[in-house]
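Visitor: Coordinates only, no sequence provided:
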């Protein structure tokens, strides 16, 4: 008997009929002789509606309270799914993140999972029940509710799969797998049957929006295979796992993009030891993720330093940075939000020359200016004008001939 | 420093502005030098909307799951109130029923409070916080969520006031106190400044709809004074307590009515020992509250037995009773839902004759037929045609001259 963890996203449980559809799918897996744990997101736009409600009450909702508020969205969908399963004759029970033993740190709105106490879920599975767990949430040691941040339900699913020793983790969403680029922008994009964790991590981090990067990270660390597929079809999906055959064929596996990019440039930074720490320590303490960092070569011991953050964190980042600008003797601090990232991704790129050049040429031929460049072992990323993101994506997809299959 | 527990009903927290209004009121009480615990209901029609959602998924929502679903309504309003308080500069924290230490039995959808563990609330009060508790809910020993049934937030408030040793409990709603009759039906009805627990219990049980009878019961057992007032005005409200001056003046304090009445008549019941038990034991086991019971004098050892239940429990009661009818050898079982109760209430009525006669005459003069009669020490109740409830109420209010003040 296999233990399967399935996660259904907000669009898969958006209304009563879709919830019944998920229930039927889960019953089929159970009747196939498996133990089943389901992780659900909030229905459709519930989370946004709850945030809107909080904003009606105050401009600055308290973090702790907002987490408790948002956690209700997943509790609602998990109870409805339990009811739907029971009406099909299945034995089912819903558990909140707290009841499911998901222990997190106390960083509200983006808590990290510290561990899984599988006691209660195991007890319910032994009673032959389908267990539904409210995604996206956990509790601190003091039993205060936390949320894991947007997309956190994916992380809940993989963490539970790991914590329960599941045979596989399946993430169901409204797309049928991972594509060589966003099919809404690149019609000729192709679905990948399989992809390595690291490649997927770059695709997800850089905006492929299919599965949350933290979930892929967790999967990689614990070697948990993750299937990404559609809850509305029976297509095969994409399996994210450790061993895609990487050494042959086209080394570029996909083109990712992300428009959630804000850029901060600190102008006239004195080029002396300790300055970078003075800038990035307070950001880290404020729990703001800094992405790309670029420092220009200094002229007369004065340089400019540029970094990017998520758009939603720009205001807080500026609040943290403005006093620092003064204290380090820099001239000023400017920001820009009309940006996008495009990335070419594939394991083994670094050992095969010419990919970067091909990328820059393709963008140049489209007349797209490159503002920042950053690379990793399996990725080359350019930051460009947000308005040109679609053009860039299509140009790169053509340049690397991804429409021919990968 | 006094400790005050205030409860705000659904209409008092129906939208963002009303929630801010409640926050301002609570801050004023806190600034008056008091410790403040707030208990909130779900916003406006939230509970009904959640029930509708469950009904879209299945005709028979599972009890346990429905309780978890409904409990989210009060969690939403309590977090929003905490945010509103914090935006006013007050230190505030919301707690779910589970976090607030409200322990119940496992009778889902109408759980009874077994005890209060005041540990967490006390800790937060010591930190000088206003504590907001989600009403209407608790947890079992196994940490499963339960709800207390409709109106349960009143019970939460009084139970917390008792468990915390509060100085008083204040129930805020959309009416400004307890009236001699429902002012929507009897325009000349007068507000009572104070009323005894037992009188209030009869008024509430018999449909005064201002405060839940279980809350008044609890208040009576632990002698906790309960103030009922409006959250939308500064009017004094009605104090429910032990010592209203009962021995002087008009002994009738109010006229109550209730249209949530269904009648079941078992026809042709053999009049022999054990029959009543055979009928009412299974109802009790199904947790159905039976109200009025009337058994006619038997003719030839055959009698009819009539009792009433809440309309919402009629279907389940009939399901329980139908097999019993056959097993005891009764002829049949019929039900009627087009009924209302009207009650004349006042301590000391039983020792002063003539009240019953005056009540029956007043109804007779209005041409209203009395279907059933039942009395207690402080109440006389008639069950009549639902369509005549308003007429009956006004006629009785006039007959007992309640418009002159009580």
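Guide: Sure thing, it's come through. It should be emphasised that the depicted structure is a prediction, and the values quoted were computed from it without experimental measurement.
Visitor: middle-most residue in chain A, spatially?
Guide: What sits nearest the mean C-alpha location of chain A, by CA atoms, centre = their mean, is residue A:212, with 2.5 Å.
Visitor: State the pLDDT value of that residue.
Guide: On pLDDT, residue A:212 comes in at 85.
Visitor: same deal with residue A:122?
Guide: Note for residue A:122: predicted pLDDT of 97.
Visitor: what do you get for residue A:353?
Guide: 65.
Visitor: Next one: the residue nearest to the centre of chain A from residue A:389, what distance?
Guide: Distance, residue A:212 to residue A:389, by CB to CB, to the nearest Å: 21 Å. Every residue, glycine included, has its C-beta placed from N, CA and C.
Visitor: helix or strand right after the helix or strand hosting residue A:334?
Guide: Counting by DSSP states H and E, the element that carries residue A:334 is strand A:332-345. Counting by DSSP H and E, the next helix or strand C-terminal to strand A:332-345 is helix A:355-365.
Visitor: Show residues contacting that next one.
Guide: Outside of helix A:355-365, the residues within contact range by CB atoms under 8 Å, 6 or more residues apart in numbering or on different chains are A:251-252, A:342, A:344, A:346, A:349, A:370, A:375, A:380, A:382, A:384, A:392, A:395-396, A:398-400.
Visitor: What helices and strands are in contact with the helix or strand harbouring residue A:381?
Guide: Taking DSSP H and E as the definition, one finds residue A:381 inside strand A:379-385. In terms of contacts (3 or more CB pairs under 8 Å, 6 or more residues apart in numbering or on different chains; DSSP states H and E), strand A:379-385 is packed against strand A:332-345, helix A:355-365, strand A:372-376.
Visitor: Which elements pack onto the last one?
Guide: Applying 3+ CB pairs under 8 Å, 6+ apart, we find strand A:372-376 packed against strand A:293-295, strand A:379-385.
Visitor: Go through the ones you listed and pick out the most buried.
Guide: Most buried of the helices and strands packed on strand A:372-376, by mean neighbour count (mean count of other CB atoms under 10 Å in any protein chain shown): strand A:379-385, with a mean of 22.
Visitor: what's the angle from that strand to helix A:355-365?
Guide: Strand A:379-385 and helix A:355-365 are oriented at 20 degrees to each other (axes from the mean of the first three to the mean of the last three CA atoms, to 10 degrees).
Visitor: who does strand A:379-385 pair up with?
Guide: strand A:332-345 (antiparallel), strand A:372-376 (antiparallel) (DSSP bridges).
Visitor: Pull the residues that contact the last one.
Guide: For strand A:372-376, contacts defined as CB under 8 Å, 6+ apart pick out A:202, A:263, A:292, A:294, A:306, A:308, A:350, A:356, A:380-383.
Visitor: Repeat that for stretch A:228-243.
Guide: With CB under 8 Å, 6+ apart, stretch A:228-243 has contacts from A:8-9, A:12, A:18, A:21-22, A:25, A:170-178, A:191-197, A:200, A:210-211, A:216, A:219-220, A:223, A:225-227.
Visitor: follow-up on the earlier one: would you convert the helices and strands packed on strand A:379-385 into a markdown table that also reports mean neighbour count and distance to residue A:116?
Guide: A markdown table is the format used below for the helices and strands packed on strand A:379-385 (neighbours: other CB atoms under 10 Å in any protein chain shown; distance: least, CB to CB, whole Å):
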| stretch | mean neighbour count | distance to residue A:116 |
| --- | --- | --- |
| strand A:332-345 | 20 | 30 |
| helix A:355-365 | 16 | 39 |
| strand A:372-376 | 16 | 30 |
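Visitor: Adding distance to residue A:46, write the ones you listed out as TSV.
Guide: Below are these laid out as TSV (distance: least, CB to CB, whole Å):
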stretch	distance to residue A:46
strand A:332-345	27
helix A:355-365	39
strand A:372-376	35
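Visitor: Between these, which one is closest to residue B:3.
Guide: With CB to CB, the closest approach to residue B:3 among the helices and strands packed on strand A:379-385 belongs to strand A:332-345: 48.7 Å.
Visitor: Check the offset of the closest one from the chain's centre.
Guide: 18 Å (CA atoms, centre = their mean, to the nearest Å).
Visitor: avg pLDDT for it?
Guide: Mean predicted confidence for strand A:332-345 is 91.
Visitor: Please give me every residue in contact with the residue of chain A positioned farthest from its centre.
Guide: The outermost residue of chain A, judged by C-alpha distance from the chain's mean C-alpha position using CA atoms, centre = their mean, is residue A:300 at 41.3 Å. Neighbour list for residue A:300: empty [criterion: CB under 8 Å, 6+ apart].
Visitor: what's the span of stretch A:340-349, first residue to last?
Guide: End-to-end distance of stretch A:340-349: 22 Å, with CA to CA, to the nearest Å as the criterion.
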